[in-house]
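Novice: I would like to see how this sequence folds:
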Amino acid sequence: MSEDTGKLIPHGRALSLGGLFVAEMVVLVLGYQVLSDLECRATGIEAACRGLRFVALWLLCAGSLVGIYLWARPVARADFGMAASRAPGGLRWAVIHGLGILAMLAPLIVIAPEALSAEFQSVFPLAALGALMAALGGLLWLMRPAAWLSWLQGRSLSLLAMVVFAAALPGAVVLAGPLWSVQAVTDVTFIAVFLLLRLFVEEVVVDPATYVIGTPEFQVMVADSCSGIEGLVLITAFLALYGVLFRDELRLRRFGLVIWPLALLVSWLFNAVRITGLILIGVHVSPELAVNGFHSFAGWLMFTALSIGVLVVVGRSGYALQAVVVPQVRSVAPLAQDDVAGRILPFIVFALSGLIAQAFWSEPALAYPVQAGMMLAALWWVRATLWQHLAWPSMLSVVAGIAVGVVWIATAPASEPPSDALMSLGAGAFALWASVRILGTVALVPVIEELFFRGYVQARLDRGTVSSQIIAIGVSAGLFALVHGRWIEAGLAGVVFSLVYMRNGRLADAMAAHAVANAVIAAVALWRGDWALI
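Specialist: Numbers count the residues shown, from 1 in each chain. Next up, the predicted model:
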């Protein structure tokens, strides 16, 4: 970070257009999520509405992550600013961008706020076309296609990884949603909001069991999608990328053990203040405005701003940075051959595939072949890393996998009949679906999850001491449990896989134990016809 200031500041045109795009995003969020009440489930086209919302969230996250990348890479930043100044798009692209923004704002002008959900189906094509025009026009207004291609040379894989990572963040929030149902998390948050509200009102109504809080005049039920979980996910994601990009300049121990927890605490406090402020708006200004302010998209925007603010503070902190920074040019291996990326990216693609299935299929299980294809492609892309960890498994890993599978089956809830969507498949289609489901469960998912939970999370936390190993097992098994429906059983399985991995330090053993466990479970699921088991 100790470079010539002139190299650190982008050219004015790129910065100005970036500010314009951010302002446009803020206006659209205020219009659709705060000043009106658009509920996708009430539109009659829920999947399409959620798909458009996902694209907007993706662009918000991707833009933020690319901004962090430009901050961390002065040469890329200087080249970007120069290209935007020397090869700008023509006036036609500015007009297309402007017309796209107007098309997205038009429904807010012609439809009353209270009727927007009911009428959104009729204006959805206009809004979707406007989004496409605004995005394409904005990119090509910033710089011409040839300039984009020139700037992307040598950087495309890194930026592609960030774009994919950004697409996975909404899915990560969904996966982390159950944290809001943990009594301790709810209680601590509601206590903070209660204390803040008591500074302004005499009587506070609180019922943590039903997630209701407010005053006698105005109360809200804080669902997981409005609970601030997105703030914790965004802080974690942005700090993780920041830590990777600035790893040579940071005091990593302080960054991981002090700054990261403090940043999460700041996010939690910000959320408590946010909930308090919205309740006070509901009491003294407008109940409708307050309820709309709880929409998760508005939360995403605020928490994104908070995350960037935290990074700015960290970047100016002498506590976080090493005392002496020596600029150096490092040769960077292609992302597909980077060992750390090889452990993380397949899991990001896995999470993204689940989000796509939830967003665009009324019966997400039917999308499993698409998910399997995405997982297989991700593993093929990082095959250089994967090949290093493949080996003949130990007998202990096989026995451990059988034990985990048996316990999982024995503790499973009562079997459920297949869904109507699965039953409607023809015999051939169902056989194909079942084959892909079993293949993914046995051969793809174990490899991806073990690369991430044991190969990355546990390995990063394990410093060789007994205490660090206990923490590494607990954290990796806990995260493993969060992404599975049955927390206790999944957590215990994660502990077993961690111990198998630690025995010889071989990921192949953990992968084998996981694969054998899933094979046992899949065999019973096939025998019973109970696909909910896997």
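
Novice: tell me the domain boundaries of the chain?
Specialist: With domains defined by automatic domain parsing, the chain comprises 5-88+143-315, 388-533.

Novice: and the last one, how far out from the chain's middle?
Specialist: In other words, domain 388-533. Centroid separation between domain 388-533 and its chain, computed with CA atoms, centre = their mean, to the nearest Å, is 22 Å.

Novice: now swap in the longest one and tell me
Specialist: Averaging C-alpha coordinates over domain 5-88+143-315 and over its chain gives two centres that are 11 Å apart (CA atoms, centre = their mean).

Novice: Compare the mean pLDDT across the domains of the chain and name the weakest.
Specialist: Of all the domains of the chain, mean pLDDT reaches its minimum on domain 5-88+143-315 (a mean of 76).

Novice: Any chance of the domains of the chain in TSV with distance to F350 and mean neighbour count as columns?
Specialist: Every C-beta, even on glycine, is put in place using the N, C-alpha and C of the backbone. As requested, the domains of the chain are exported to TSV (distance: least, CB to CB, whole Å; neighbours: other CB atoms under 10 Å):
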stretch	distance to F350	mean neighbour count
domain 5-88+143-315	9	17
domain 388-533	5	18
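
Novice: I'd like these laid out as TSV, including distance to I356.
Specialist: Output for the domains of the chain, formatted as TSV (distance: least, CB to CB, whole Å):
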stretch	distance to I356
domain 5-88+143-315	8
domain 388-533	15
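
Novice: Quick one, which of those domains gets closest to L116.
Specialist: Of all the domains of the chain, it is domain 5-88+143-315 that lies closest to L116, at 4.8 Å by CB to CB.

Novice: most centrally placed residue in this structure?
Specialist: Centroid check for the chain by CA atoms, centre = their mean gives L169 as the closest residue, at 1.2 Å.

Novice: Can you tell me the element it falls in?
Specialist: helix 156-176 (DSSP states H and E).

Novice: Tell me the first helix or strand C-terminal of that helix.
Specialist: Using DSSP H and E, the helix or strand that directly follows helix 156-176 along the chain is helix 183-197.

Novice: What is that following helix packed up against?
Specialist: strand 212-214, helix 260-284 (3 or more CB pairs under 8 Å, 6 or more residues apart in numbering; DSSP states H and E).

Novice: Identify the residue spatially nearest to Y319, adjacent ones excluded.
Specialist: Excluding its sequence neighbours, the residue lying closest to Y319 (CB to CB, 6 or more residues apart in numbering) is R254, at 6.3 Å.

Novice: and the gap between that neighbour and Y242?
Specialist: From R254 across to Y242, the span is 14 Å (CB to CB, to the nearest Å).

Novice: Likewise for P287?
Specialist: Distance of P287 to Y242, computed by CB to CB: 39 Å.

Novice: cool, and I279?
Specialist: Distance, I279 to Y242, using CB to CB: 33 Å.

Novice: got it, and A166?
Specialist: Separation of A166 from Y242 (CB to CB) stands at 14 Å.

Novice: if we can go back for a sec, may I have the residues that are in contact with the residue nearest to the centre of the chain?
Specialist: Neighbour list for L169: 57, 61, 233-234, 237 [criterion: CB atoms under 8 Å, 6 or more residues apart in numbering].

Novice: circling back to that earlier point, closest to A481 out of the helices and strands packed on helix 183-197?
Specialist: Comparing these against A481 with CB to CB, the closest turns out to be helix 260-284 (19.3 Å).

Novice: check contacts around L479.
Specialist: When contacts are counted by CB under 8 Å, 6+ apart, L479 touches 453, 457, 494.

Novice: now that we're looking at the closest residue to the second one other than its chain neighbours, how far away is V123 from it?
Specialist: In space, V457 comes closest to S476 once its chain neighbours are excluded; the distance is 4.5 Å by CB to CB, 6+ apart. Shown here: S476 relative to V123, a distance of 47 Å by CB to CB.
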